[in-house]
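J.: sharing a model that was predicted from the sequence below.
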Amino acid sequence: MSSGLDLVELVIASGKGGVGKSLLASSLAILLAKHGHRLVAVDADAEAPNLHLALGVREWDRVEPYYEGRIAYIDRSKCIDCGLCMKACPFGAVETINGKYHINQWICEGCYTCSFVCPVKAIKFKRGVIAGYLRVKEKTLYGFPLVSGEITPGRPNSGKLVTEAKNLGRRILSGKGLLLVDAAAGIGCQVIASIAGAHALLLVAEPTPSSLSDLKRIHKLARHFRIPCMLVINKADLNEEYRREIIEYAREWNIDYLGDIPYDDNVPRSINMLKPLVEAYPDTPASKAIIGVAEKVASIIENISEWRIKYLPEKPEPFIPLVIKPGAK
Amino acid sequence: MVKIAITTNKGGLEDQVAERFGRAPTFTIVELDDNTFEVRNVYVVQNPGASAGSGAGVKAVQKLIDEKVSIVIGPQPGPNAYMALQQAGIKVYIYTGIKAGEALEKVLDELKKK
Amino acid sequence: MFQLTVTGGKGGTGKSFVAVNIAVLLAFKHDVVLADLDLEAPNDHILLGIDKLGGEEPIKLFLPFIDPKKCTGCGVCAKICDTGAILMPGKGLPVVFPRLCSGCMACYYACPYKAIVKGYHVLGHVYTTRVELGEAKFTLVTGVLREGEEHTPPGVYYAKRKALSLAHDILVIDTGAGTGNQVSIALKDSNLVIIVTEPTPLGLHDMEGILKVARDMGLRSWLVINRDGIGDSSKHVEVAKTYGVEKIYRIPYHRDAIDSYVSRKPIILYKPDSIISRVFHEITNDLEKVIMSV
C-alpha cells in the first residue's frame, strides 16, 4: 500500500436498518480479498448479527463465552415489599408479580442503585453472567476470517462485545491489513463502539425520507469523531427526489459519493441462498455496481492517508454533553 | 521515587507495548530513582479498564492514579482516557510497535536530557 | 389500558410501517397514543409526514455534582461507579465525566457524607405531537437520542413513562432494532407483541432472538411476515409455532409500500384499496377483538 497505513479500519454504517450494510459488507469483503487485500471481516451488530449468514458460515471454529456484568435479584426472605427499589430503578427493571417484587433479568443492568435504597439489604447480585459469545471462523469460504459477537438478548452494553470483536480482529491481522467492520443500525453505544478508531466510514443509504433522516444522525456522529466518510446509495432507483437530496447532502458535507446500486430482485434471492450477491449473481446489475464501488474503495484504501486529508471533516465538532447544574431549571 | 507505567499485554519489560490504552490488559510499572533514573523495581498490575463495560479509559487512569504513577507510556489514549490523564496530571509518551523495555529506554533518554 | 408493542430484532423489517398503520386504523375508533421508542433512529413521524414535532421536553438523566464542603475525598463514589464516570485524582475533588454517566444514582446513594448533589445531563428529548389525519386523531410521543450519547435504555424508559402518562385506552409502541435491554424495556407489560420479520434467513435469525425474549418475559405474540414473496418463509412459520405464536399475517411485497413511504402518508390512507391496506385492516379487526376481551 503506497500512501497507505499498515492497518486500515473501514466501518460500514447507515443509521437506518435494512438498507444493505451486510449486503455491501459481504460482497465488498470478497471483492477486496480477491483484489489481494489481507482482511478480517467483523460483524459489529452484536444484537442481531447477520454477516455470517450473508457469507454462508454454518459453523464456527471458536465460540468463547463472554462474561460481563451482574444481575440483581431480590432475596424474598428479607424483602418487606416497600417498593423503594421500583421507584429508584432508572431502567424500570423492578416489577410486581402476584403482588411480590421481582427484578426483570432482561432489563437489569446491575448498576447497584436498588441495593443502596433497599432498607433491609434484600438485594443481591448474580455474577458470572454470560452476556454473549465471541465467535470466530478462521477461514470463510472466501478465504478471510470472520469475527462475530452475539449478545444474549436483554443484556446491556453490547458496545463492549463489539470492542472485543474488533480487538480480536486486529489481533488476527497482527497489525497489517484491512479490518472491515459491519456496524449495527442506530447511533447508540453499539455503533459508537463500532466506529471508534475507524480510518474511514462507508455510509449506506436508500432514497427514502427515513434513511435520509438517519443518515444525517450517523453523519453527525462521524463528525464528532472526526472520521472522513464515503457514501453509497443502495436501491438508488426507488426514488429520484430522495436520491438527489442524499447526493446534495453529501456534496454539502464533503462526503465522497462513490455511486449507486440499483434495486435488484436477485439480491433477496442471493440472501436466501446464503451467498453474497457477487458470488451468486455476478452479472446482475447490482453486482456490477458493487464491483465498481469495490474498485473505488480499493483505491481509497491504497491511498488512505491522502484520501483522509481530503475528506476529513473540516472543523472539529466535539461532542459536548448538555449539563444542567443543580438548582438550575 | 518516580513511577512510570507502560501499557502491556502479559506484562513485563520484554512484552510488547499494548495497542490499546484504556483496555490494555496490564500495566507494567517501573519504580525509578528520582535523580539517577536507575530502575529499582518492576511489577505488573491488572488493568481494571480491560474488563470494563464502558469508561475503560477512566478506570485505567484511576488505576494509574492509585499506583501513584506520574508518567505513562503507550498508544494514543482515547478521548475519555485523555481527559482523565489531564485531570490526574499524568504525562503521556506515545510509543507503539516496540517492546516495553525499549519504549522505557527512549522515554528515559528524553527525561535525562531535561 | 392496552399496550401493543411492535418489534422485530432486525432493522429495516418494517416495524415502523406496521406500527404506524395499525395506530392510525385504531385511532378512528379509540383513544390512541403511538410511542416511537426507537430513540436512535426515530421514523414514525416521517412515515406520518410530520415535519415539526411538538412539546419538546429534555430527557434529564441524573448527573452527580460534588459538594466541596461535604466531600472528604474518600473515593467511594469512584469505586462504586460502574461506568467509570467518576475519577478520583491524586488530590482534589472527584471529577465527573458526564458522557460516561448512565444516570443510575449509585454514587448518590453510596456517598457516606451525602456530598453528591443531583444535577442533570440531557440524554435527548421527548416530543408530544397531536396528529390529525382526517378522522384519525391520536397523540404521537417521539423519543430522540442526542447524537453522541451512548446510553439509550434510560431514555427509552423515560419516553415510555411519558407515553404511559398520556395513554388511557390504547398504547402502541414502536421499538428500536436489536434485542438488547432498550427493546426489553419497551416490551415490558405488553398485552400483545407483534413481531415483524422478513422472509429471508436474516429475518429468521433475528425473529428467533426476539421470540426468545418475548417468551421469557411471558408475552403473547403475533407474527407479521413483511415483504412476503421475496423469499421462503416456511421456516419462519415453523419456528414461530414452536414459540407459541398465535397468529401469523403476511404483507406481500408490493410497490405500494415504497410509494407510501416516499409520499410520507400511511398506506391505509394513501392507498386504501391496496392489498397491503387490506392486511392491516384484517390485523386491526383481530386486534380489536382481543382488546375488547381484555
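T.: Good, I have the coordinates.

J.: which parts of the stretch 201-329 of chain A sit against chain C?
T.: A:207-210, A:213-214, A:217, A:220-221, A:224, A:238-239, A:241-242, A:268-269, A:271-272, A:274, A:319, A:321-326, A:328 (C-beta under 8 Å from any C-beta of the partner chain). (C-beta placed from N, C-alpha, C; glycine too.)

J.: may I see the buried residues of the lengthiest helix in chain A?
T.: Secondary structure of chain A read by DSSP state H shows that its longest helix is helix A:285-302. By 16 or more other C-beta atoms under 10 Å in any protein chain shown, the buried positions in helix A:285-302 come out as A:286, A:287, A:289, A:290, A:293, A:294, A:297, A:298, A:300, A:301, A:302.

J.: what packs against it?
T.: On a contact count with 3 or more C-beta pairs under 8 Å, 6 or more residues apart in numbering or on different chains; DSSP states H and E, helix A:285-302 meets strand A:7-13, helix A:21-34, strand A:229-234, strand A:256-261, helix A:266-272, helix A:277-280.

J.: JSON lines for the ones you listed, including mean neighbour count?
T.: Output for those, formatted as JSON lines (neighbours: other C-beta atoms under 10 Å in any protein chain shown):
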{"stretch": "strand A:7-13", "mean neighbour count": "25"}
{"stretch": "helix A:21-34", "mean neighbour count": "25"}
{"stretch": "strand A:229-234", "mean neighbour count": "25"}
{"stretch": "strand A:256-261", "mean neighbour count": "20"}
{"stretch": "helix A:266-272", "mean neighbour count": "20"}
{"stretch": "helix A:277-280", "mean neighbour count": "22"}
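
J.: and residue C:76, which of these is closest to it?
T.: strand A:7-13 (38.4 Å; C-beta to C-beta).

J.: how far out from the middle of the chain is the closest one?
T.: 11 Å (C-alpha atoms, centre = their mean, to the nearest Å).

J.: please list the residues of chain B that sit near chain C.
T.: B:49, B:52-59, B:61-62, B:65, B:68, B:80, B:83-84, B:87-89.

J.: among the residues you listed, name the ones in helices.
T.: Going by DSSP H, the helices hold B:56, B:57, B:58, B:59, B:61, B:62, B:65, B:80, B:83, B:84, B:87, B:88 from the residues of chain B next to chain C.

J.: out of those residues, who has the most neighbours?
T.: residue B:58 (31 neighbours; other C-beta atoms under 10 Å in any protein chain shown).

J.: grab the nearest non-local neighbour of that one.
T.: residue C:84 (3.7 Å; C-beta to C-beta, 6 or more residues apart in numbering or on different chains).

J.: contacting residues for the one you found?
T.: Contacts for residue C:84 (C-beta atoms under 8 Å, 6 or more residues apart in numbering or on different chains) come out as B:49, B:52, B:54, B:55, B:56, B:57, B:58, B:59, B:62, B:80, C:97, C:100.

J.: now swap in residue B:13 and tell me
T.: By C-beta under 8 Å, 6+ apart, the neighbours of residue B:13 are B:6, B:28, B:30, B:42, B:99, B:100, B:101, B:104.

J.: between these, which sits nearest chain C?
T.: Nearest to chain C out of those is residue B:30 (C-beta to the nearest C-beta; 18.5 Å).

J.: beta partners of the closest residue in space to that closest one that isn't next to it in sequence?
T.: Leaving aside its chain neighbours, residue B:30 sits nearest to residue B:4 (4.9 Å; criterion: C-beta to C-beta, 6+ apart). For residue B:4, the beta-bridge partners are residue B:30, residue B:71 (DSSP bridges).

J.: residue B:4 and residue B:23, how far apart?
T.: 20 Å (C-beta to C-beta, to the nearest Å).

J.: which residues touch the least confident helix or strand in chain B by mean pLDDT?
T.: For chain B, counting by mean pLDDT, DSSP states H and E, helix B:79-88 ranks last in confidence among helices and strands (a mean of 88). Identification of contacts with helix B:79-88 by C-beta under 8 Å, 6+ apart yields B:21-22, B:49, B:55-58, B:60-62, B:64-65, B:72, B:77, B:91-92, C:84, C:87, C:89-90, C:95, C:97, C:99-100.

J.: what does stretch A:88-95 give?
T.: Taking C-beta under 8 Å, 6+ apart as the rule, stretch A:88-95 contacts A:72, A:85-86, A:101-104, A:107-109, A:111, A:113-114, A:116-117, C:61-62, C:102-105, C:109, C:153-154, C:157, C:160-161, C:181, C:185, C:188-189.
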